[in-house]
Structures are given as structure tokens and as C-alpha cells.
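1. got a predicted structure plus its sequence, pasted below:
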Amino acid sequence: MMLASEKDPRRSVRRGLRFLYCLAIAVVMLGLCSRSSPLYPLNDWVDTNCFFTVGKAMFNGRVVYRDIYEQKGVLLYFLYGLSWLISHTDYLGVYLLECLCMAGFLYLTWRTADLLVSPGAYALVLPGLAAVLCSSYAFYLGGSVEQLGLALLYLPLHCMIQSYVTDGAYVPSRGRIFAMGAAAGCLLWMKFTLLGVYIGYMLFVLALQLCRRDPAGLWRAAGAFLLGLLAVTAPWLVYFGVNHALKDAFVSYFYNNVALYPQLEGNRLAFLWTNLRHGLLWNARMTLLMGIGVLGILLSKSKWPFKLGMGCLYVCTVIFLYIGGAAYDYYAFGMAALCVPGALTIAWLGEQGFRHLGLARRSARTRRTVTALLCAVFLAGGGLFARRHSVNSFYTAYAREDMWYSRFAEIITASEDQSQLNYGFLDLGEYTVTGYVPQGKFFCVLNLDLPEMRQEIEDSVRQRKTKYIVSIAYEGDPLLTENYDVVEAIDSFYEFENVPMRYYLLERK
């Protein structure tokens with residue numbers, strides 16, 4: 001691989017154009033693959049509905065964990081709250097957030113590529129990388145923490161490659177370590193099980209400094225990382241402290257997720273291997289990219305400590321994704337950042353091919369023109385590939401006004417009393433399409449065994465606190481039949497077309 005060292009006096013303009021290109025890729029690929037996109041009637045994933053509801057409540061004066069409960073991190077709800085400010089009853093704001101996060105990730109990978117290949121070679125690879133990731137099964141319906149935090153998950157790989165290529169060092173500068181600490185702090189307050197890649201880096205640095213017998217260097221690295229982490233954590237500690245909710249935050253987010261969420265019986269290593277294998281098989285194109293990247297690292301002329309450090313990042317990423325005892329299909333997207341070395345390897349191989357074809361001997365103007373045309377072709381081709389392989393594409397054929405949630409919203413919003421409760425399941429999305437902010441702490445049933453959650457929801461039904469209830473669990477539920485009558489029942493599907501579901505709108509007696 002060659003080190004790109006040309007200096008451009010118009011660097012800021014060049015970087016701006018690069019980011020716009022990355023943003024264009026993100027807009028196209030996410031527009032085709034994410035259900036948050038305006039091309040889709042609604043992102044009906046229960047997880048994104050939960051995030052949006054809590055973010056909306058947060059921006060309407062409710063304190064997260066104390067006044068409204070969900071088990072992800074407060075920074076995630078803050079970002080969804082910002083999205084709610086843009087659009088109150090759909091996911092346009094979330095789509096824009098997704099595009100910015102994806103563009104930031106693609107741009108950061110390009111900064112890495114600058115160390116190894118020419119800009120044009122990687123520019124051609126970027127649409128393919130984005131198309132593979134956005135059309136993967138693990139991408140799921142869009143708006144996941146794994147997707148929004150992709151740049152944060154990739155940063156340690158970027159820092160390790162950058163430090164090694166530019167300085168011949170295996171431990172980044174304190175400035176880079178501080179940046180990694182701040183990024184880790186963001187993940188900490190979004191979904192802390194994604195911190196495996198950072199733990200892997202810190203373990204590598206620890207082992208390296210111990211082997212070098214350099215405790216001072218170890219303490220400097222640890223101090224810089226902790227300062228970055230604290231810089232992000234401090235505002236949230238102030239937020240919870242001012243609102244007298246520190247205990248609520250630590251119990252709800254940390255203790256409950258560790259002690260109550262994973263209820264695994266059996267061998268954890270067997271569980272990890274089974275779900276890792278599932279994630280790799282069901283996301284074969286991502287797996288292929290990761291495999292190419294691993295081969296590229298192993299066959300490169302880099303020294304063994306660099307290869308060992310990269311291996312540590314890969315292994316710790318995987319372990320912390322699945323070792324907790326829970327596994328969903330979208331967890332595999334936590335490995336998406338590990339696809340970048342594969343894209344870099346492909347770009348390097350492509351560059352060697354272009355050189356053999358003699359393109360490198362052409363004038364700079366000719367190279368730029370050819371590259372621009374190829375970028376447009378690759379972007380269009382990547383878009384077609386993404387739409388063809390995305391699990392969500394079928395949903396664009398549905399009109400929002402024809403969906404069950406729109407029919408329910410017509411009935412609810414026509415009433416003077418629009419109070420409602422999502423009963424018996426995760427957030428189905430009616431809070432979003434009606435713009436309603438739930439008044440109870442527990443606005444739906446989450447994947448946690450919390451007696452107080454079920455008690456509050458059942459008390460709400462028993463006391464008929466809300467005029468309406470949205471549910472998929474009406475039949476055979478005596479608590480509902482005793483206190484509410486069915487207004488509307490609509491057959492539809494849950495998330496994917498092959499999973500039928502009947503949705504009920506009930507009104508209190």
C-alpha cells in the first residue's frame with residue numbers, strides 16, 4: 001500500500017466536497033433502506049418508536065428514568081428528541097439524523113483511506129460499502145443505536161491505523177486517546193454493550209505498556225481516556241443530579257440492564273458462538289468484507305504488534321456484543337465497522353489495477369473527470385443493489401393513510417380526550433402518529449421483568465385512566481374486556497410482511 005502524501009492548498013474546500021459526497025451516498029442508501037425515510041409510510045419498529053416516545057417526552061419536560069422509563073441510554077433519547085423537534089408525527093428528523101451519522105462514518109473512513117490509497121480509489125468503493133451495510137439483514141428497520149453510533153464504533157480502528165501509519169506507533173497520541181474517551185462516553189450513554197471495541201483497545205495498550213515496562217505511559221493513556229469519557233458523562237450527571245434522578249438513572253440504566261435484561265440459562269460461550277454464527281451467516285456480504293479485511297491485515301507488511309492490536313479490536317467487539325446473554329438480529333450491525341478494512345483492501349487492489357491499465361499516467365484533469373463519472377455510476381449501481389437486497393423495500397409500496405395506525409389516529413385525534421396507553425407490547429407507534437405524550441412512567445411493556453411496570457400498566461387499565469388503548473393482546477385478556485370496548489380491529493403485519501398481526505383500538509366503557 002502507498003502513503004498518500006500530496007498536500008492540497010484548498011484542503012477545506014476539498015474536505016467539504018468530500019463530506020457532501022458522503023452525505024449524498026447516505027441520503028441515497030438510507031432513503032432506499034431505512035424505514036425512517038420519507039419513501040416509507042412510517043418506521044414501525046417498536047424499538048425506534050420507544051426511542052422517539054421517550055425523546056419526545058424528554059423535550060416536553062419529563063425526566064428520563066424518573067418520569068418515563070426505557071432501558072437505553074439518555075443520549076440516544078436526546079438525539080431522538082432533537083429529531084422530534086424537526087417533525088412531530090413522523091420520522092423525517094430521525095432520517096436526517098441517520099444521514100448525518102452515516103455521512104460522518106463514511107467521511108471518517110475516507111480519512112483513514114488517505115493514509116493508504118489515492119482519494120479517487122476509495123471514492124469508488126464508498127457507495128459499495130454503504131450499500132452492503134444498509135442492505136444487510138442486521139441493518140433491520142433503521143434507527144438503531146448500532147447504526148447511529150457507527151462512526152463512534154469505527155474510531156478506534158481509525159486511530160490505530162492512523163497512529164501506526166503516520167508515527168509508527170501502536171499507542172495513539174494523548175489527543176487521539178482523549179477523543180476516543182469522549183466517543184466511548186457517547187456510547188456509554190447510548191448503549192454500553194457496544195463498548196467492546198474500546199475495551200479491546202485499552203487492553204491492548206495496557207498489555208503493550210506493561211511489556212515495555214512503561215507505567216508512566218500507561219497512566220498518561222488511561223488519564224487521557226478517562227478525561228474524554230468524563231467530559232461527555234459530566235453533563236448527564238448534572239442533568240440527573242439537578243432533577244434528583246441519579247439513583248433512578250443508575251438503577252434503571254445500569255443495574256436493571258445487567259441484572260434483569262439478560263436471563264441466560266446455559267453456557268455463555270456456546271450462546272456467543274451460536275449467535276455470532278447466525279449473525280455472520282445472515283449477513284454474508286458483511287461477513288465477506290470482514291474476511292477480506294482480516295486477510296488484508298494479515299498479509300500486509302505491518303508489524304505483528306499492529307496485527308495483534310487490530311485482532312484485539314475485532315475479538316472484543318464480538319465478545320461484548322453477545323456475551324451479555326441477549327441476542328437480536330440487529331446486534332450483528334455492531335460489527336459493521338469491522339467491514340472497513342475490507343473496503344480499504346478492495347480500494348488498494350483496485351488502485352493497483354488502474355495503474356496497470358495506465359490510468360495513473362493520464363493528466364490530473366482526465367483522472368478527476370473519469371473518477372467523477374465512475375463515482376456517479378457506482379452510486380447509482382449501489383443504490384440499485386441496496387434496494388434489491390434490503391429487507392425493507394417491500395414496505396415502500398404501502399401508503400401511510402392505508403395503514404392501521406393512521407386509521408386509529410383518525411379516531412383518536414377526532415376526540416377531545418386523546419389520552420391513550422400502549423398495552424401488552426412494546427411501543428407500536430400510535431404515540432408517534434398522534435403526537436401524544438404518554439403521562440405514565442411506563443408507557444408500554446418492555447423486555448424486562450419489572451413488577452412495578454406491569455402493576456402500573458394494569459392499574460391504569462383497571463382504573464380506566466386513558467380513554468383509548470392500543471393493543472395486540474385483546475383476545476383472552478379479561479382485564480381489557482372488563483374495562484374497554486373494541487372500537488376498531490385491523491389485520492396487518494408486524495415489522496415484516498410474513499408476520500401477521502391484528503391490532504386493536506379500544507375505548508373505555
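-> Here it is on my side, so go on. Residues are numbered from 1 along each chain as shown.

2. strands along the chain, start to end?
-> 420-423, 468-471, 484-493, 500-508 (DSSP state E).

3. please name the residues that touch the closest residue to residue 422 other than its chain neighbours.
-> Distances taken as C-beta to C-beta, 6 or more residues apart in numbering put residue 444 closest to residue 422, at 4.2 Å, once the chain neighbours are dropped. For the C-beta atoms, the positions are set from N, CA and C on the backbone; glycine is no exception. Counting by C-beta atoms under 8 Å, 6 or more residues apart in numbering, residue 444 makes contact with 46, 50, 53, 422-423, 425-428.

4. and residue 100, how close does it get to residue 130?
-> Residue 100 sits 14 Å away from residue 130, going by C-beta to C-beta, to the nearest Å.

5. ok, residue 187 next?
-> According to C-beta to C-beta, residue 187 and residue 130 sit 21 Å apart.

6. surely residue 185 and residue 233 touch.
-> Yes - counting by C-beta atoms under 8 Å, residue 233 is a contact partner of residue 185 at 5.2 Å.

7. next, the distance between the ends of stretch 205-219.
-> One end of stretch 205-219 sits 11 Å from the other (C-alpha to C-alpha, to the nearest Å).

8. gap between residue 273 and residue 333?
-> From residue 273 to residue 333 the distance is 19 Å (C-beta to C-beta).

9. ok, those two, which is more surrounded?
-> residue 333 (25 against 13; other C-beta atoms under 10 Å).

10. list the contacts of the more buried one.
-> 133, 136, 138-140, 144, 146-147.

11. same deal with residue 137?
-> By C-beta under 8 Å, 6+ apart, the contact set of residue 137 is 282-283, 329, 332, 391.

12. with distance to residue 89 and mean pLDDT added, can I get the strands of the chain in a markdown table?
-> Converted to a markdown table, the strands of the chain look like this (distance: least, C-beta to C-beta, whole Å; pLDDT from 0 to 100):
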| stretch | distance to residue 89 | mean pLDDT |
| --- | --- | --- |
| strand 420-423 | 14 | 97 |
| strand 468-471 | 15 | 97 |
| strand 484-493 | 19 | 94 |
| strand 500-508 | 17 | 95 |
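
13. looking at those, spot the one closest to residue 165.
-> Closest approach to residue 165 among those (C-beta to C-beta): strand 484-493, 49.0 Å.

14. what residues sit buried inside that closest one?
-> Across strand 484-493, burial judged by 16 or more other C-beta atoms under 10 Å covers 484, 492.

15. now stretch 451-462
-> Those would be 453, 456-457, 460-461, for stretch 451-462 by 16+ other C-beta under 10 Å.

16. distance between stretch 159-169 and the chain's centre?
-> In terms of C-alpha atoms, centre = their mean, to the nearest Å, the centre of stretch 159-169 is set 27 Å apart from its chain centre.

17. go on, stretch 379-391?
-> Averaged C-alpha coordinates place stretch 379-391 at 20 Å from its chain's average position (C-alpha atoms, centre = their mean).

18. who touches that stretch?
-> 24-25, 28-29, 32-33, 127-128, 130-131, 134-135, 137, 139-140, 285, 393, 496.

19. go with 7 Å
-> 25, 28-29, 32-33, 127-128, 130-131, 134-135, 137, 393, 496 (C-beta atoms under 7 Å, 6 or more residues apart in numbering).

20. hmm, back to that, which residue of residue 185 and residue 233 possesses the greater neighbour count?
-> Just comparing residue 185 and residue 233: by other C-beta under 10 Å the higher neighbour count belongs to residue 185, 25 against 19.

21. and the pLDDT at the more buried one?
-> Residue 185 is assigned 97 on the pLDDT scale.

22. and for it, nearest residue in space, chain neighbours not counted?
-> The shortest distance from residue 185 to any residue other than its chain neighbours is 3.0 Å, reached at residue 232 (C-beta to C-beta, 6+ apart).

23. next up, the contacts around residue 106.
-> 22, 25-26, 126, 130.

24. measure residue 167 to residue 122 for me?
-> Distance, residue 167 to residue 122, by C-beta to C-beta: 22 Å.

25. so between the two, which is more surrounded?
-> residue 122 (25 against 11).

26. you'd agree that one is up against residue 110?
-> Yes - assessed by C-beta atoms under 7 Å, residue 122 is found in contact with residue 110 at 5.9 Å.

27. let me see the domain layout of this structure.
-> Following automatic domain parsing, one gets these domains for the chain: 91-394, 400-508.

28. I'd like the distance from the shortest one to the chain centre, please.
-> So that's domain 400-508. The chain centre lies 27 Å from the centre of domain 400-508; the measure is C-alpha atoms, centre = their mean.

29. one step back: identify, from the contacts of residue 106, the entry nearest to residue 298.
-> residue 126 (24.1 Å).

30. low pLDDT regions in this protein?
-> By pLDDT under 70, the weakly predicted segments of the chain are 1-9, 262-266, 355-364, 366-367.

31. scan it for its longest helix.
-> Using DSSP state H, we find that the single longest helix of the chain is helix 215-242.

32. for that helix, name the packing helices and strands.
-> Applying 3 or more C-beta pairs under 7 Å, 6 or more residues apart in numbering; DSSP states H and E, one finds that helix 215-242 makes contact with helix 174-188, helix 196-211.

33. change it to 8 Å
-> Packing partners of helix 215-242 (3 or more C-beta pairs under 8 Å, 6 or more residues apart in numbering; DSSP states H and E): helix 74-86, helix 174-188, helix 196-211, helix 246-249.

34. could you dump the domains of the chain to a markdown table with distance to residue 66?
-> Below are the domains of the chain laid out as a markdown table (distance: least, C-beta to C-beta, whole Å):
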| stretch | distance to residue 66 |
| --- | --- |
| domain 91-394 | 4 |
| domain 400-508 | 8 |
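
35. wait, which of these is closest to residue 63?
-> Among the domains of the chain, the nearest to residue 63 by C-beta to C-beta is domain 91-394 (4.5 Å).

36. quote the end-to-end distance of that closest one.
-> End-to-end distance for domain 91-394, by C-alpha to C-alpha: 18 Å.

37. could you tell me which residues within stretch 91-100 count as buried?
-> Neighbour-count burial for stretch 91-100 [16+ other C-beta under 10 Å]: 91, 93-99.

38. typo on my end, stretch 502-509
-> For stretch 502-509, burial by neighbour count (16+ other C-beta under 10 Å) applies to 503-508.

39. ditto for stretch 319-339
-> Quick answer for stretch 319-339 (16+ other C-beta under 10 Å): 319-324, 326-327, 329-339.

40. what about the helices in the stretch 401-509 of the chain?
-> Assigned by DSSP state H, counting those that start in this stretch, the stretch 401-509 of the chain shows helices spanning 404-413, 430-434, 451-462, 478-483.

41. next: the stretch 1-150 of the chain.
-> So, for the stretch 1-150 of the chain - with DSSP H, counting those that start in this stretch - the helices run 11-33, 46-58, 74-86, 92-113, 119-134, 145-148, 150-167.

42. and of the ones you listed, who's closest to residue 208?
-> Nearest of the helices of the stretch 1-150 of the chain (C-beta to C-beta): helix 150-167, 11.4 Å.

43. tell me which other helices or strands the closest one touches.
-> On a contact count with 3+ C-beta pairs under 8 Å, 6+ apart, helix 150-167 meets helix 92-113, helix 174-188, helix 196-211, helix 304-322, helix 340-357.

44. in TSV, list the ones you listed along with distance to residue 296.
-> Below are those laid out as TSV (distance: least, C-beta to C-beta, whole Å):
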stretch	distance to residue 296
helix 92-113	13
helix 174-188	22
helix 196-211	18
helix 304-322	10
helix 340-357	3
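
45. what's the closest of those to residue 482?
-> Closest approach to residue 482 among those is made by helix 92-113 (37.7 Å; C-beta to C-beta).
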